[in-house]
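> coords below, sequence missing:
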DNA sequence: TAGATTGTTAATCGATTAACAATC
DNA sequence: TAGATTGTTAATCGATTAACAATC
């Protein structure tokens, strides 16, 4: 196995390939092989890049034939940890937290399980949602039993929550609060920021379009 | 004004700068100037890159002094269209759609307004949420009055919805469904995909960590 | 075998960072 | 003026794409 640390972008594409392979399996129950050109057509990713990515799994392709769909799927499963259940905790059980909880619960084919709900609103603590009790976040301690913390609290409390998660040895954080968190380098971090995404779209509409028109 | 089309990454950073400037204004009501080093420290972005980005606004900095916070803010407002209200339509009023609606409504300082809700479930049509009636998506036509469509339907109907939006001349789409949409090149497109984000984090935890340990 | 497609190296592209003259 | 920081060009870095020998 390579001594290389893969980038975000590579994992992102593996996730895309994985979804595509699953769709191929459920749609088209006879086909055994695919190839970089077919995947390229379906996903709009350059075939060279696909071959490069897939070669990271090992020499899994057959020259002249392509790739066994099943072999590819299980290779990606190994890389993305799709053969394990990953435990999630949601911190902040407002509208967004609840929607994310239901979204994950509804997605029965995924390998993610929400095992803990935290909030600091006394009115919410003790309430059970979808069978999981909401606990006070202050009671969190080093004996945590989840792998990834999803922060869905308002921006002003997000950093404190993140610090506590780091303290409890959580290595992966997904932040939905509209604020940039500062975190140690060894923490894997993603953010989902709706307003930022909207700003990018309006920037494009507002500025790039205007330019296109005037040129 | 430059004849350049800015990239996603530049608009993304402008959004980050904008948020930071607002925080500076509300936190620290005396300070008039900032500079690329201060912003770099706060945002963890290289000062050269900050200067490069900000120079796209125009020659707005003062050598030896830095940047007027207010001038910077209004320059970014122009680029990101923060001085207009942008109208959003939500298509798919399930848990996620409702959570996004409330999230945007609660964010009173933003320049985004949800003006239309669509669904195709007869049981939902006519119901009003937060004062907005849910309409049947099939009734959508070219006389639309929104700028951005947010797709929060399940994966299997997302492409048809997107096609209809494109038909109705919508130029910006944000997709929350876990599927890659195929769209014409002139459509500005962003996707928010929770499972993909989780896959990236678990890929990192599962694979990069293992590698780090064994090396 | 001939044809097809991989796996991989080299070339290109685009984004970030370094360097520094210009100037407040 | 001296010191500080911009604005911008050149260098670097990292990711994608092109090319093609290897081989099924």
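Alright, I've got the coordinates. These numbers come from a predicted model, not from an experiment.

> For DNA strand D, what's its nearest residue on chain A.
At 2.5 Å from DNA strand D, residue A:64 is the closest residue in chain A, using C-beta to the nearest atom of the strand. Where you see a C-beta, it was placed from the backbone N, CA and C, and this is true even at glycine.

> ok, which stretches of chain A are helices?
For chain A, the helices defined by DSSP state H cover A:8-27, A:36-43, A:47-55, A:69-80, A:95-106, A:155-167, A:194-203, A:209-214.

> still on that earlier bit, chain B versus the residue of chain A closest to DNA strand D, what's the distance?
Between residue A:64 and chain B the computed distance is 28 Å (C-beta to the nearest C-beta, to the nearest Å).

> what's the answer for residue A:21, then?
For residue A:21 relative to chain B (C-beta to the nearest C-beta), the value is 13 Å.

> The nearest residue to that residue once chain neighbours are set aside and residue B:200: what is the separation?
Nearest residue to residue A:21, sequence neighbours excluded (C-beta to C-beta, 6 or more residues apart in numbering or on different chains): residue A:73, at 4.7 Å. According to C-beta to C-beta, to the nearest Å, residue A:73 and residue B:200 sit 18 Å apart.

> now do residue A:124
Counting by C-beta to C-beta, the gap from residue A:124 to residue B:200 is 30 Å.

> Enumerate every residue touching residue A:89.
Applying C-beta atoms under 8 Å, 6 or more residues apart in numbering or on different chains to residue A:89 gives the contacts A:114, A:115, A:116, A:117, A:118, A:144, A:146, A:148, A:149, A:150.

> now those as TSV including distance to DNA strand D and neighbour count?
As requested, the contacts of residue A:89 are exported to TSV (distance: C-beta to the nearest atom of the strand, whole Å; neighbours: other C-beta atoms under 10 Å in any protein chain shown):
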residue	distance to DNA strand D	neighbour count
A:114	31	22
A:115	32	16
A:116	33	19
A:117	35	25
A:118	34	25
A:144	31	16
A:146	28	20
A:148	22	23
A:149	25	26
A:150	25	28
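
> Hmm, which of those residues is lowest in pLDDT?
Checking pLDDT across those, the minimum falls on residue A:144 at 88.

> Which residue comes closest to that one once chain neighbours are left out?
Residue A:144 sits nearest to residue A:168 (C-beta to C-beta, 6+ apart), 5.0 Å away.

> Just the ones of the contacts of residue A:89 in strands?
The strands, defined by DSSP state E, take in A:114, A:115, A:116, A:117, A:118, A:148, A:149, A:150 from these.

> Check the burial of the residue lying closest to residue A:153 once chain neighbours are set aside by counting its neighbours.
Nearest residue to residue A:153, sequence neighbours excluded (C-beta to C-beta, 6+ apart): residue A:92, at 3.5 Å. Other residues near residue A:92 number 26, with proximity taken as other C-beta atoms under 10 Å in any protein chain shown.

> can you list the residues of chain A near DNA strand C?
Residues of chain A lying close to DNA strand C (C-beta under 7 Å from any atom of the strand) are A:35-37, A:47-48, A:51-52, A:54-55, A:59-67.

> ok, 10 Å please
Proximity of chain A to DNA strand C (C-beta under 10 Å from any atom of the strand) is limited to residues A:2, A:33-40, A:46-67, A:71-72.

> For residue A:191, give me its contacts.
Residue A:191 neighbours (C-beta under 8 Å, 6+ apart): A:174, A:175, A:176, A:180, A:181.

> One more: residue A:55?
Contact analysis of residue A:55 by C-beta under 8 Å, 6+ apart lists residue A:61.

> ok, now the one 10 residues further on?
Taking C-beta under 8 Å, 6+ apart as the contact definition, residue A:65 lies against A:33, A:35.

> is the closest residue in space to residue A:128 that isn't next to it in sequence in a bridge, and if so with what?
The shortest distance from residue A:128 to any non-neighbouring residue, by C-beta to C-beta, 6+ apart, is to residue A:134 (7.2 Å). Beta-bridge pairing for residue A:134 (DSSP bridges): residue A:117.

> circling back to that earlier point, kindly provide the distance from the residue nearest to residue A:153 to residue A:195.
From residue A:92 to residue A:195 the distance is 17 Å (C-beta to C-beta).

> With residue A:87 instead?
29 Å.

> So if I had to pick from these two, which one is more boxed in?
Higher neighbour count among residue A:87 and residue A:195: residue A:195, with 18 against 15, using other C-beta under 10 Å.

> count of residues packed around the closest residue to the more buried one other than its chain neighbours?
Sequence neighbours aside, residue A:178 is the residue nearest to residue A:195 in space, at 5.4 Å (criterion: C-beta to C-beta, 6+ apart). Residues lying near residue A:178 (other C-beta under 10 Å) number 19.

> Does residue A:178 touch residue A:193 like I think?
Yes: using C-beta atoms under 8 Å, residue A:178 is in contact with residue A:193, at 5.4 Å.

> who's in contact with residue A:45?
Applying C-beta under 8 Å, 6+ apart, the residues contacting residue A:45 are A:13, A:16, A:39.

> circling back: what does the pLDDT read for the residue nearest to residue A:153?
The model's pLDDT for residue A:92 equals 97.

> returning to that earlier point: which among the residues of chain A next to DNA strand C end up buried?
Buried members of these, scored by 16 or more other C-beta atoms under 10 Å in any protein chain shown, are A:34-36, A:38-40, A:50-51, A:53-54, A:56-57, A:61, A:66-67, A:71-72.

> check these against DNA strand D, which are close?
A:36, A:40, A:50, A:51, A:53, A:61.

> Now do the contacts for the last one.
Remark: with contacts taken as C-beta under 8 Å, 6+ apart, residue A:61 is in contact with A:51, A:54, A:55, A:67.

> switch to 6 Å and redo it
By C-beta atoms under 6 Å, 6 or more residues apart in numbering or on different chains, the contact set of residue A:61 is residue A:67.

> same thing with the first one?
Residues touching residue A:36, when contacts are defined by C-beta under 6 Å, 6+ apart, comprise A:47, A:50, A:51.

> Distance of it relative to residue A:65?
Applying C-beta to C-beta to residue A:36 and residue A:65 gives a distance of 12 Å.

> Could you do the fourth one as well?
Separation of residue A:51 from residue A:65 (C-beta to C-beta): 13 Å.

> what do you get for the second one?
If you measure residue A:40 against residue A:65 using C-beta to C-beta, the figure is 16 Å.
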